[in-house]
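Engineer: this one's structure only:
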């Protein structure tokens, strides 16, 4: 019988890779969508296949918020490990925050 999880066949992965995907899916209590299965399939064909890479596919990224960005002022506004996309997202959130706070002041 072909290994399946959430109705998605994992036969395209090696046996050890199948176990990793099954364990992480059970640990996260997540169903695998067809889009995620395609990403896992592509990942399985590379040397970069790891439990952390599978977790990144199965778990959505935590959204940045203005509260998160401003809560770490003592540590710096932008984390050292931030990617260019993270920095761009934070910059847009800050601009939006100040645009809204300026409108609120002028409305009163």
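Structural biologist: Done, it's in. Note that this is a predicted model, so its numbers are computed, not measured. Residues are numbered from 1 along each chain as shown.
Engineer: Can you find the helix or strand in this structure with the smallest mean pLDDT?
Structural biologist: Every helix and strand of the chain was ranked by mean pLDDT, DSSP states H and E. The lowest is helix 66-71, at a mean of 56.
Engineer: for this structure, what are the low-confidence residue spans?
Structural biologist: For the chain, the stretches flagged by pLDDT under 70 are 1-8, 61-78, 103-108.
Engineer: mind listing the helices for it?
Structural biologist: 15-28, 34-44, 51-58, 66-71, 84-107 (DSSP state H).
Engineer: per the record, what domains does this protein have?
Structural biologist: 4-58, 66-107 (automatic domain parsing).
Engineer: mind putting these in a markdown table, mean neighbour count included?
Structural biologist: C-beta coordinates here come from the backbone N, C-alpha and C atoms, glycine included. Converted to a markdown table, these look like this (neighbours: other C-beta atoms under 10 Å):
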| stretch | mean neighbour count |
| --- | --- |
| domain 4-58 | 15 |
| domain 66-107 | 11 |
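Engineer: So for residue 9, which of the helices of the chain sits nearest?
Structural biologist: helix 34-44 (8.2 Å; C-beta to C-beta).
Engineer: Report the angle between that closest one and helix 51-58.
Structural biologist: Relative orientation of helix 34-44 versus helix 51-58 (axes from the mean of the first three to the mean of the last three C-alpha atoms, to 10 degrees): 160 degrees.
Engineer: Can you give the distance of helix 34-44 from its chain's centre?
Structural biologist: Mean C-alpha position of helix 34-44 versus that of the full chain (C-alpha atoms, centre = their mean, to the nearest Å) differs by 14 Å.
Engineer: what does stretch 26-37 give?
Structural biologist: 13 Å.
Engineer: That stretch: end-to-end distance?
Structural biologist: In terms of C-alpha to C-alpha, to the nearest Å, the two terminal residues of stretch 26-37 are separated by 15 Å.
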